[in-house]
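Asks: Need coordinates for the following:
(chains A and B)
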2 protein chains.
Amino acid sequence: MVVFESCDRSRGRLNSPLSCSNGDNATLPENETFQGATPRAPMYTSENLIVNSIKMYEKMNKLLHHTDAFSQRNLIIRRGQEFIMGIVFNRPFDPKMDLFFIEFLIGKNPVQTQKTLIYLTLAETNQPNIWDLRLVETRQNEIKVAITPAANCIVGLYSTFVTVITNLGKQRSQRNYETDFYVLFNPWAPMDQVYLENEEERQEYVLNNVGMIFTGDYTNVNKRPWNYGQFQSDILEACIYILDFGEMPLWYRGDAVKVARKASSLINSVDDNGVLVGSWSGDFGLGTAPTAWTGSVEILRQFYTEKGKPVMYGQCWVFAGVFNTFLRCLGIPARVITNFCSAHDNNGNLMTDIVLDEDGGLDRDVSDTIWNFHCWNEAYLKRRDIPEMYSGWQVVDSTPQEISEGYYRCGPASVACIKMESLGYSFDAGFVYSEVNSDVVYHKRDRYGNMSVIYVDRNYVGKLVVTKMIGSDDYNDITDRYKHSKGVSRRETRVKEVSALDRYEFTLPDTDVKLCTQATKNNDDLMLIMIFNNLSNEPRTITTKITGKVEYYTGATRTQFKFLTHEVSLKPLEYKQEVIIVTADEYKNFIIGQSFLSFIVYAFINETEMSLTAMESIYMSNPPLHLEVSRISQMGNEMLATVGFTNTLGHDLTDVTVRMEGLNLFPMKSKMYRIIEQGSKIKWLESFKPVKAGTMTLVACLDCATLRNVCGHVDIVIQP
Amino acid sequence: MVVFESCDRSRGRLNSPLSCSNGDNATLPENETFQGATPRAPMYTSENLIVNSIKMYEKMNKLLHHTDAFSQRNLIIRRGQEFIMGIVFNRPFDPKMDLFFIEFLIGKNPVQTQKTLIYLTLAETNQPNIWDLRLVETRQNEIKVAITPAANCIVGLYSTFVTVITNLGKQRSQRNYETDFYVLFNPWAPMDQVYLENEEERQEYVLNNVGMIFTGDYTNVNKRPWNYGQFQSDILEACIYILDFGEMPLWYRGDAVKVARKASSLINSVDDNGVLVGSWSGDFGLGTAPTAWTGSVEILRQFYTEKGKPVMYGQCWVFAGVFNTFLRCLGIPARVITNFCSAHDNNGNLMTDIVLDEDGGLDRDVSDTIWNFHCWNEAYLKRRDIPEMYSGWQVVDSTPQEISEGYYRCGPASVACIKMESLGYSFDAGFVYSEVNSDVVYHKRDRYGNMSVIYVDRNYVGKLVVTKMIGSDDYNDITDRYKHSKGVSRRETRVKEVSALDRYEFTLPDTDVKLCTQATKNNDDLMLIMIFNNLSNEPRTITTKITGKVEYYTGATRTQFKFLTHEVSLKPLEYKQEVIIVTADEYKNFIIGQSFLSFIVYAFINETEMSLTAMESIYMSNPPLHLEVSRISQMGNEMLATVGFTNTLGHDLTDVTVRMEGLNLFPMKSKMYRIIEQGSKIKWLESFKPVKAGTMTLVACLDCATLRNVCGHVDIVIQP
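Replies: Numbers count the residues shown, from 1 in each chain, chains lettered A, B, ... in the order given. Alright, predicted model coming up:
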């Protein structure tokens, strides 16, 4: 157990230091005599009462609190819901004469007013938000009590003490680590801030430990399996450790809004040395490539066991995957969201600027980028800090947005606020709004350097917002939760009083030729289809300039591999389709290690001297990883998992890592291949004995510098 | 000039690095030939146009832009307001034939779409928020142009280039540091976000470089003079350096909301190594005591010249004083606010807990603290990120609030939001609301440890909110801008939809005896007056327990010097006043180095077993520092300033520092006295020659470990 320095810089500021760590709970003294005066404690006629033992009834309580999947031995309960505790005395308890009280404490400096010390007696009290205690049963020397933690109590690891009052003073039970217990948020409790009414949703968003994260592009959505593993050993400890590491005062840990906000900054390592180091450079030699992870367990366990050393490396789906584990583990309903064509880092002006040079090519030095996709999380919360109507799903994002004012955290931002454009409410709603609603503004620069706006695309950004469907591996389109459908004008739906937008409205003359583009794959070749529609009664000649480039998934340019000019003549009112074929040979040497190609089309109408533009991205799927398991799948029986891969690429793969992980089947295993020659196959067999029944998922990923994002998964039903 | 590492961690994330420093502007090449094709530049019949020089008309422009008080030689203008620039060519300019453009740039990577490169021609453009350029006059070889910076442009130091188009390409003027100019926020421009309509207010909140910060307690308000010195040499440079130091992206520096928020975190050194290290411990050996500073100039200059090494030490009025300088210097209207009886660090539950032990004494280990006073700033801003009705004065606070969730910044929080309880709007309105509106909850603990709430005081916190009056050294009571007057119920005035409070409502039975307290000074003795009012028809006997303690100004207990029991008998319906005298001898050995005494009264009504409580603080004024100047006060004439002090305290003072500073009179001078024996006097004469006419203020402070907070000031009218 790691002990932290207390975040006490309080001398002259506070009377008592504030506890910021759950790393080591205090121990209370076993004996306390009363000060001064005659004791007013009961005068025993029989022998003094003594506490012999305390029973936490772990198994029964865990089942009732939906925490039985956790591998920890100690009791884990959820707040706002009763649990049973037994106290065994040296003799039968006499309610008329005997006096006892229970103390639960958290942290090193437990204080009642800070809710870090819970003091419970059977007597009445007028303290705010107190826990409830009632006597359930007295049988021989044992009494059973039912305790209901306050529905807003601090979440974390508590210690238990029982004290009896004797003639001589207070006699307290010994510190016993076995009676320490975890209290989590409770989506099943109506009074809890994270209450979620629907049982199916609770099963998915709190208890499902495997999921699917969507990547790729909106016309070709790719599934990436992810092991959240919130119930695996060490993970709950790691999640609390993260809050300790960030020195989050304990008394804020009862508020899911604050916990989620704090964690959004602690999951990334910028500023505060949090869990994951982000890297988008393509050079991952010092750690694990973001594309190689099979889930969160390895990452969180490493951070925890290496005492807070940041883990390398993450990109958005890794941040979102780990954050999802954190939230579900502590009991906050959570899901991973993918936004396709995600604007970023332009908080405030709602514009993404694309600049074309004098020749109509992309000026990549000054153009903004648009993520091909970006992942974040949603957490389900009641907001008490903003109007109630904005409760429900809240965006939280732990991917460090490099230039968002030096805030390396984001949210909770109410999804309802984003849709209703009520962007002034805490936290960061405007930032998320711009990710799904920015305008793409095309500028053209003349030979002198003077720039003009030539086109504004209001529909490119935020094309599709998805999350995993409940009970399925497919995606659920939730775009309409973030934005109004295209028919509805944004302005009409805006609630004027609470909206706060600073969108610049451009007035550009209408063109009499329209352009529509589409990009598709035809085997390995690409087809860029341009559809021109001449609305005028005169002929039109169009000069198009096409820029083809390989991109990072962030939209940043890696290589420009094509720039061509293409002339088109249109008769009056003609509708014409032009197809540009890009062969595999043209791009294949540049795509290595990346998955996105993109085209920018600039079209100049010679007669009217007006311009048209369009942009298309294509996600290049990779060859699949085949996963198989032997048929007989029964608890305790030996089984065989096989990972197979054939290198159909035109080049050898070197220094290839394959990772395989099955929650409750076997922990993550990895294998290195120095070389997989072109055309050759690999086959990796791994035997294991399942120890738990139920549906399990096996996930595997293959990764090397020239081929990333190759994953596979298979579901297995283990019979009891 | 310090060069910063760029905040570029952008590889794979962004196409071009984002500029986060104004420390070193880029230099553009002098020659640029056109690429490809035939030049379409004008074909000169006469000789090529060449730029001989650029004139910034510093004096005239500065006068019109209210920046003439700045000591910097370079031009300083305010945005959204026209200024004049002259371009001298080698021959007369021919508007029909000659082509030129002006480029202003800021930072190392100027980009038009990021507004860090401003490109101006006399031609029309459709770029958003562009600066305006018009030709004013052509006389011989010089043209005069009038330029209006966009009212939302980036604030900072720009460089100037003029480029002419010749047959051969672009010919640019050389980089010339003398044509660099500063652009500031503009409270005089109606389109600017910081527009302030009233000229008297602009004179005070933007141009006044001296002020008064109020401390002490609400019944005995103390004035502390403060030199803001925003126009002194190095200060503007230091303010921009602070933003560079915090790596604030340039393109956010046009938004006063973001600048104020960022600076609120950078004025303190927690987290980000900002300007001032806070210390409340009383041990200031490694730096300057917070009580010893005479103003902001010394602090900002030290931070700037020592390249970002944090300055030791600050407490709230120092943070507020320095922040005020920063805001006024950049052109954001600002003032220092003092809130007497300021709750803190309890964001969310709106309770400050005072715990009394079994005997009725204060349990200082678990009791919260209330600042006797706390200072913050207000900045006058138009909010575009929240509904417009919340524009106007905004709270910003740079004092690190140790336990507010690890945020070491605060605001801008709209004062209107705080009054209307619309606390969900950005930023931190709930936090400030609790500073002026928390309830003080008194708990009493019984012998077993069980706690009960015995009294809730809804009026103690936020007793008085003040700021300096315009044109006077006295305070202006602005409490009613933060809260409704006592008659009006908070609940009635609350706008339900946008309110977000989580206040716990206690229901306590009414007592039939009322208690009212008052504490006053009688020479050096103190009188604690307790007024009991028996509302019942029966006699009452009251046992009162009185705790007397010396406090830090934060309310944290330093020493408890008194605890006494006092019995009172009341006849039916009797109204009775009891006075407790505390002689100087009882407290004088404990008050050394501090200024606050406080009493907590616990009264137990024996017949009804009910409790009453009250709390009183007293500010102990210190002997004054006498400041005088010789009568003849004329520019250029030698004058004499005298600081006098008599040690009337009962003990010697050792290691005493005296600081004296008069803006535009002489820079800060300090003097050390190893000992000032009790009863003895010091007199320090300093001669100086005023170089500027007008009303100046001389400020002096005396400070040592056993006597703090001794200041004086005198206003001098210097004749021209």
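
Asks: where in chain A is pLDDT low?
Replies: A:1-13, A:16, A:34-46, A:271-272, A:345-348, A:402-408, A:486-502 (pLDDT under 70).

Asks: switch to 50 and redo it
Replies: A:1-9, A:37-41, A:404-405, A:489, A:491-500 (pLDDT under 50).

Asks: how close does the closest residue to A:Asn15 other than its chain neighbours get to A:Ser279?
Replies: Nearest residue to A:Asn15, sequence neighbours excluded (CB to CB, 6 or more residues apart in numbering or on different chains): B:Arg364, at 5.0 Å. In short, each C-beta sits where N, CA and C put it, glycine included. To A:Ser279, B:Arg364 is 50 Å away according to CB to CB, to the nearest Å.

Asks: Please state the offset of the longest strand seen in chain A from the chain centre?
Replies: In chain A, with assignment by DSSP state E, the single longest strand is strand A:557-570. Put simply, strand A:557-570 sits 38 Å off its chain's centre (CA atoms, centre = their mean, to the nearest Å).

Asks: who's in contact with it?
Replies: Contact with strand A:557-570 is made by A:361-362, A:364, A:369, A:513, A:530, A:532, A:534, A:539-552, A:576, A:578, A:580, A:582, A:586-587, A:590, A:594, A:603, B:12, B:15, as judged by CB atoms under 8 Å, 6 or more residues apart in numbering or on different chains.

Asks: out of those, which are inside strands?
Replies: A:513, A:530, A:532, A:534, A:540-551, A:576, A:578, A:580, A:582, A:603.

Asks: List only buried entries from those residues.
Replies: A:513, A:530, A:532, A:534, A:540, A:542, A:544-551, A:580, A:582, A:603 (16 or more other CB atoms under 10 Å in any protein chain shown).

Asks: For chain A, which segments count as helices?
Replies: A:58-64, A:199-202, A:235-245, A:256-266, A:297-305, A:316-330, A:415-420, A:429-437, A:479-482, A:490-493, A:584-591 (DSSP state H).

Asks: ok, the residue nearest to A:Asn15 to B:Ser633 distance?
Replies: Distance from B:Arg364 to B:Ser633, by CB to CB: 52 Å.

Asks: Please apply the same query to A:Phe181.
Replies: On the measure of CB to CB, A:Phe181 and B:Ser633 end up 76 Å apart.

Asks: of those two, who's got more company?
Replies: Neighbour count, other CB atoms under 10 Å in any protein chain shown: between A:Phe181 and B:Ser633, A:Phe181 has more, with 21 against 16.

Asks: got a list of what that one touches?
Replies: A:56, A:74-77, A:157-158, A:160.

Asks: of all these, which two lie farthest apart?
Replies: A:Ile76 and A:Thr160 (13.7 Å; CB to CB).

Asks: Stretch A:640-648: which residues count as buried?
Replies: Neighbour-count burial for stretch A:640-648 [16+ other CB under 10 Å]: A:641-645, A:647.

Asks: Let me see the ranges of the strands in the stretch 51-200 of chain A.
Replies: A:51-55, A:75-78, A:83-89, A:100-105, A:117-120, A:132-139, A:142-148, A:156-166, A:169-172, A:181-184 (DSSP state E, counting those that start in this stretch).

Asks: counting contacts, what elements does the second one pack onto?
Replies: Using 3 or more CB pairs under 8 Å, 6 or more residues apart in numbering or on different chains; DSSP states H and E, the elements in contact with strand A:75-78 are helix A:58-64, strand A:181-184.

Asks: contacting residues around the longest one?
Replies: Right, the one you point to is helix A:58-64. A:68, A:70, A:73-77, A:81, A:83-84.

Asks: what's near enough to touch whichever residue of the stretch 601-720 of chain A sits closest to chain B?
Replies: With CB to the nearest CB as the measure, A:Ser611 is the residue of the stretch 601-720 of chain A nearest to chain B, at 12.2 Å. When contacts are counted by CB under 8 Å, 6+ apart, A:Ser611 touches A:442, A:444, A:454-455, A:511, A:602-605.

Asks: Name the nearest of the residues you listed relative to B:Asn476.
Replies: A:Tyr442 (52.5 Å).

Asks: Could you measure from that closest one over to A:Ala614?
Replies: Distance from A:Tyr442 to A:Ala614, by CB to CB: 9 Å.

Asks: list the residues that contact both of the two?
Replies: With CB under 8 Å, 6+ apart, A:Tyr442 and A:Ala614 have common neighbours A:Asp457.

Asks: how about the residues of the stretch 251-400 of chain A near chain B?
Replies: A:252, A:255, A:258, A:261-262, A:271, A:279-282, A:345, A:348, A:351, A:353, A:355, A:358-359, A:364-369, A:383-387, A:390 (CB under 8 Å from any CB of the partner chain).

Asks: List the ones among these that fall in strands.
Replies: Per DSSP E, those map to strands at A:351, A:353, A:355.

Asks: quick one on the thing from earlier: could the buried residues of stretch A:640-648 go into CSV alongside distance to B:Phe214?
Replies: Shown next, in CSV, are the buried residues of stretch A:640-648 (distance: CB to CB, whole Å):
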residue, distance to B:Phe214
A:Ala641, 73
A:Thr642, 77
A:Val643, 72
A:Gly644, 77
A:Phe645, 74
A:Asn647, 76
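
Asks: So which of those residues sit within strands?
Replies: Reading strands off these with DSSP E, I get A:641-645.

Asks: Could you dump those into TSV and include distance to A:Tyr304?
Replies: Output for these, formatted as TSV (distance: CB to CB, whole Å):
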residue	distance to A:Tyr304
A:Ala641	27
A:Thr642	32
A:Val643	28
A:Gly644	33
A:Phe645	32
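
Asks: Tell me which two in the residues you listed are the farthest apart.
Replies: Across these (CB to CB), the longest gap, 13.8 Å, separates A:Ala641 and A:Phe645.

Asks: Was I right to think A:Asp512 contacts A:Thr608?
Replies: Yes: judged on CB atoms under 8 Å, A:Asp512 makes contact with A:Thr608 at a distance of 6.6 Å.
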